[in-house]
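Novice: this is a predicted model, with the sequence first.
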Amino acid sequence: MRRAARVHLSSIPALMALALSAGVALADEPPRATWGASPAPSIPMEEAAPAPPVTGPSSAVVDAAPIPLPAAPALVVPVEAPPAPADPVVAHAPSLADLAPGPPLPTPRASPADRSASSPGPRLRMIGMVMDVGLPDGAGLGLSIRPVEWLRVTGAATHNTMAPGARLGVTLDPMPTPVAITLTVEGGHYWSGTVPGIQGSPSVAYNYANFHAGLEFGNRSSFRFFLHGGASWLDLNASASQSALASLSNLTYRGWMAPSAKLGFSLHF
Amino acid sequence: MKKTIALFGLAMAACTNGQGSVDITTSNQAVFPIPVALPATLGQVSLTTETDVNLDVHDELASMAKVGTLSVVLSQDSVSGAGLAQVDQVTATIATADGMMPAQPLAQAVAIPGSAEVDLPSLLSDAQVLGYLQEGPVVVHLTLTGALPAQAITLNYSLVAHVAIGVAVSVQNL
């Protein structure tokens, strides 16, 4: 053992020369980046090439167990081995090009579910028309606006065979199903008019408000046929009616009319 | 077509529930003959004249009664005209034309000298007046007393009834 140690000490100058050359090699090697790329794997001692036995004049030295030099073999390999890609150590060593700012890292691809959630979806058909007929609405033809899927705001010109009128309304349409239940609140006005074909008919004007539940058929976003029913509030005024012996004037009615109903369709583009 | 018919039937079955009102106005000319002298009282000489005015709002009230219960308020019952200048007192009675409801005092008023219109405050309740008006044509008998001129007097008799209707009826009866 003492001899082995002595032999080993005799080889220190040579080892120092190797170590110096390895240090130069390490100094030339760029610093290893620890981010972005996988770290260079450490070389386990078992995988390292066995240290060549230090040859000496005595064959006993060959038989003697060599003193393991932990770092030397690992340091020697990169210096002596060509920077072949096959060498795992060299292959994983980052180069200067690796440290340069590269293109941004690719973002993870969205899953199909994510794509469906972020995609704009079908276009909201906001503008449309509505046509209906009923009581006390008369016949109506108007514009329908859907600011959101479940809401319809309508404005219509109406006629009750006596005079023209106007109507505004809001329909809540929360069900996207082909058959849906809706709620509608509308308010309208009819200007004064006489009953056609009746001589001396009083001139009638009225305001009304509809409170309707509806049954609607079709696609909510495009075409729907509807049947609305419920109650309506009337505020009616009629002008004088003259008979031979008396005149009727200031005819008014304020109250409910139920049921009131109408049917029609809405079409959105 | 079936839906149209169904909607029409629904409209005809619709019911109303509210309050209606209408003013019925009658305005008739009352021609009073030449006044006659009343028996002298305390030395004062008084003349009188009388006439009948026919009113018929039966049909109108009957139509309204079909759609609800009626109540009436006489908002105006008056005589007017230049001939009132010398009238001291106006009295009125009401009776149905067919005699089914007997004559009752309707109003009595003292005229202000020189005025051209006299209001006749009703001596009957509004419901009683409505009963007469609903029964059929009525006769309002007007009597003028005072220092009347010796000539026929023409006045205008006006009655305005504000009729309230508690409407609760199918639309088809409106």
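Specialist: Arrived safely.

Novice: residue A:251 reaches residue A:238, doesn't it?
Specialist: Yes: Residue A:251 sits in contact with residue A:238 when judged by CB atoms under 8 Å, with a separation of 3.8 Å. For glycine as for every other residue, the C-beta is placed from the backbone atoms N, C-alpha and C.

Novice: please name the bridge partners of the residue in chain B that chain A sits nearest to.
Specialist: Closest to chain A within chain B is residue B:18: 1.0 Å, counting by CB to the nearest CB. As for beta bridges, residue B:18 partners with residue A:255, residue B:167 under DSSP bridges.

Novice: go on, residue A:167?
Specialist: Here residue A:167, judged by DSSP bridges, has bridge partners residue A:156, residue A:188.

Novice: can I assume it is in contact with residue A:159?
Specialist: No: between residue A:167 and residue A:159 there is no contact, the gap being 10.8 Å when judged by CB under 8 Å.

Novice: around chain B, pick out the residues from the stretch 101-250 of chain A.
Specialist: A:133-135, A:227, A:229, A:234, A:243, A:245-250 (CB under 8 Å from any CB of the partner chain).

Novice: if you rank those by neighbours, which is first?
Specialist: Within these, residue A:246 tops the neighbour count with 25 neighbours, counted by other CB atoms under 10 Å in any protein chain shown.

Novice: hmm, back to that, can you pick out the most distant pair from the residues of the stretch 101-250 of chain A next to chain B?
Specialist: A:227 and A:245 (45.8 Å; CB to CB).

Novice: now for residue A:251 and residue A:238: what residues contact both?
Specialist: Common neighbours of residue A:251 and residue A:238, using CB atoms under 8 Å, 6 or more residues apart in numbering or on different chains, are residue A:202.

Novice: so where's chain B shaky on pLDDT?
Specialist: Low-confidence segments of chain B, defined by pLDDT under 70: B:1-14, B:40-45, B:171-174.

Novice: which parts of it are helices?
Specialist: Under the criterion DSSP state H, helices of chain B are mapped to B:2-13, B:58-65, B:126-135.

Novice: over to chain A?
Specialist: A:2-10, A:12-28, A:60-63, A:72-80, A:88-92, A:96-99, A:112-118.

Novice: who's in contact with the residue of the stretch 151-269 of chain A found nearest chain B?
Specialist: Across the stretch 151-269 of chain A, the shortest distance to chain B (CB to the nearest CB) belongs to residue A:255, at 1.0 Å. For residue A:255, the contact set (CB under 8 Å, 6+ apart) comprises A:233-234, B:16-20, B:167.

Novice: check what pLDDT it gets.
Specialist: Looking at residue A:255, its pLDDT stands at 92.

Novice: surely residue A:171 touches residue A:180?
Specialist: No: with contact defined as CB under 8 Å, residue A:171 and residue A:180 do not form a contacting pair (10.5 Å).

Novice: how many residues are close by the residue nearest to residue A:169 when sequence neighbours are not counted?
Specialist: Of all residues not flanking residue A:169 in the chain, residue A:186 sits nearest, at 3.2 Å (CB to CB, 6 or more residues apart in numbering or on different chains). Neighbourhood size, residue A:186 [other CB under 10 Å]: 22.

Novice: now do residue B:138
Specialist: Neighbours around residue B:138, by other CB under 10 Å: 24.

Novice: wait, it sits on residue B:52?
Specialist: No: under the criterion of CB under 8 Å, residue B:138 makes no contact with residue B:52, lying 10.1 Å away.

Novice: show me where the stretch 151-269 of chain A has strands.
Specialist: A:151-159, A:164-172, A:179-194, A:203-218, A:223-238, A:241-242, A:247-268 (DSSP state E, counting those that start in this stretch).

Novice: mind putting the ones you listed in JSON lines, distance to residue A:145 included?
Specialist: Shown next, in JSON lines, are the strands of the stretch 151-269 of chain A (distance: least, CB to CB, whole Å):
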{"stretch": "strand A:151-159", "distance to residue A:145": "5"}
{"stretch": "strand A:164-172", "distance to residue A:145": "10"}
{"stretch": "strand A:179-194", "distance to residue A:145": "14"}
{"stretch": "strand A:203-218", "distance to residue A:145": "17"}
{"stretch": "strand A:223-238", "distance to residue A:145": "15"}
{"stretch": "strand A:241-242", "distance to residue A:145": "41"}
{"stretch": "strand A:247-268", "distance to residue A:145": "9"}
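
Novice: buried residues in stretch B:34-53, which are they?
Specialist: Neighbour-count burial for stretch B:34-53, counted by 16 or more other CB atoms under 10 Å in any protein chain shown, picks out B:35, B:46-51, B:53.

Novice: cool, and stretch B:109-123?
Specialist: So stretch B:109-123, judged by 16+ other CB under 10 Å, has buried residues B:109, B:111, B:118, B:120, B:122-123.

Novice: so where's the stretch 1-150 of chain A uncertain?
Specialist: Within the stretch 1-150 of chain A, the stretches with pLDDT under 70 are A:1-121.

Novice: point me to the residue of it nearest chain B.
Specialist: residue A:135 (4.4 Å).

Novice: that residue pairs with what?
Specialist: residue A:261.

Novice: distance of it from residue A:264?
Specialist: Applying CB to CB, to the nearest Å, the value for residue A:135 to residue A:264 is 13 Å.

Novice: the strands in chain B, which residues?
Specialist: B:15-32, B:36-37, B:47-55, B:68-80, B:87-96, B:104-110, B:117-119, B:138-146, B:153-170 (DSSP state E).

Novice: figure out which of these is closest to residue A:151.
Specialist: strand B:15-32 (30.6 Å).

Novice: the inter-axis angle of that closest one versus strand B:68-80?
Specialist: Taking axes from the mean of the first three to the mean of the last three CA atoms, to 10 degrees, one finds strand B:15-32 and strand B:68-80 inclined to each other by 20 degrees.

Novice: check which residues of strand B:15-32 are buried.
Specialist: Those would be B:15-16, B:18, B:20-26, B:28, B:30, B:32, for strand B:15-32 by 16+ other CB under 10 Å.

Novice: next: stretch B:60-76.
Specialist: Here stretch B:60-76 shows B:60-61, B:64, B:67-68, B:70, B:72, B:74 as buried, counting by 16+ other CB under 10 Å.

Novice: pick out the most distant pair among those residues.
Specialist: It's B:67 and B:74 that sit farthest apart of the buried residues of stretch B:60-76, by CB to CB, at 21.5 Å.
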